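[1] Just a sequence and a predicted model for now, questions to come.
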Amino acid sequence: MVSLNFEGLEETIVTNIDDAVTNSLANIFSQGYEFFQPVFVLWVVMLGLAMWRGVVDISMKEFMRHIFTLFVIFSLGLNAFGYTYWVHGVFTETPMTLIQTIIPSFESIPQLLDSQATKVMLLNAKINEANNMVVGVLLSGVNTALALTYGVTIFAIYLIAKITTGVLLSFGPLMFLSLLSDKTKGWFERWFVQLISFQMVFLLIVAYLAIFGNLLDSRLDTLEETAKNYRMAELAPIWVVILIMVIGAKNIKEMAASIAGGMSLSACSGITNLAT
């Protein structure tokens, strides 16, 4: 946490993810729409003729349900603007909007991690100034190790959620096609729930960082006023807080899945299981 540049790491990794998702969606929209449009038009015409001649026995209500499903698929799933704005845009921009409503100064999760890393570095400097070299190195080393564990844990969960969200969104248009059959529409439902779950992960991470940041600020202010030597007894409360946050961070994914009303993220199949 102290020596890592989380914003730089995110920019390198996430930029590549965003580019891959954009290219994947561009290929799907350029090829998929042109392929499926005549296929579905033919399907609707043939179904209408079959109903008119009495070959198939479905009600007009059922027929209109099929038409509406096709409308959803073409307007959201296989339409570049509809999917980019209403699906991809919602799942990538909504968490940021919600967070900025609560924390107006929020920029990004890596930015919060870097800010807290700076505070830990300042604390280490005070520890080294107030103690001899051996004690200072020992105490600041423990402080750094705990902070790194906390920061890397949070950042890893954030990256997993970010990468998996990108992967899920990249084959989202194909998930809309699963709405065509009652036997496969469950795939779309699970895909949708997983996207919601991972957005909840982002919100919970920010909540964790905000709580930890407030606790760290409070303790640093107390030490600034009272501490002279920055010994173990004075640093122990900070270490306890970091340990609690690390233990709690490991449950973020399950908490997000519970809030979203979905299955445990660690129990998912396919790409989600590989990512987690």
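    Yes, it's here.
[2] Just the element for F71, please.
    Following DSSP states H and E, one finds F71 within helix 60-72.
[3] any low-confidence regions in the stretch 101-250 of the chain?
    Applying pLDDT under 70 to the stretch 101-250 of the chain picks out residues 227-229.
[4] Could you figure out how far the helix or strand encompassing D19 is turned away from helix 60-72?
    Using DSSP H and E, D19 falls within helix 6-53. Helix 6-53 and helix 60-72 are oriented at 150 degrees to each other (axes from the mean of the first three to the mean of the last three C-alpha atoms, to 10 degrees).
[5] ok now helix 6-53, how far from the chain's centre?
    22 Å (C-alpha atoms, centre = their mean, to the nearest Å).
[6] Which strands and helices lie in contact with it?
    helix 60-72, helix 80-82, helix 109-130, helix 133-170, helix 172-177 (3 or more C-beta pairs under 8 Å, 6 or more residues apart in numbering; DSSP states H and E). Where you see a C-beta, it was placed from the backbone N, CA and C, and this is true even at glycine.
[7] need the ones you listed in CSV with distance to L49 and mean neighbour count, can you?
    Output for these, formatted as CSV (distance: least, C-beta to C-beta, whole Å; neighbours: other C-beta atoms under 10 Å):
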stretch, distance to L49, mean neighbour count
helix 60-72, 12, 12
helix 80-82, 29, 14
helix 109-130, 55, 18
helix 133-170, 37, 19
helix 172-177, 23, 20
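[8] Need those in a markdown table (columns: distance to G213).
    What follows is the helices and strands packed on helix 6-53, written out as a markdown table (distance: least, C-beta to C-beta, whole Å):
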| stretch | distance to G213 |
| --- | --- |
| helix 60-72 | 42 |
| helix 80-82 | 39 |
| helix 109-130 | 6 |
| helix 133-170 | 12 |
| helix 172-177 | 34 |
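[9] quick one, what contacts the residue nearest in space to the middle of the chain?
    Central residue of the chain (C-alpha atoms, centre = their mean): A161, 3.7 Å from the mean position. Residues near A161 by C-beta atoms under 8 Å, 6 or more residues apart in numbering: 198, 201-202, 205, 253.
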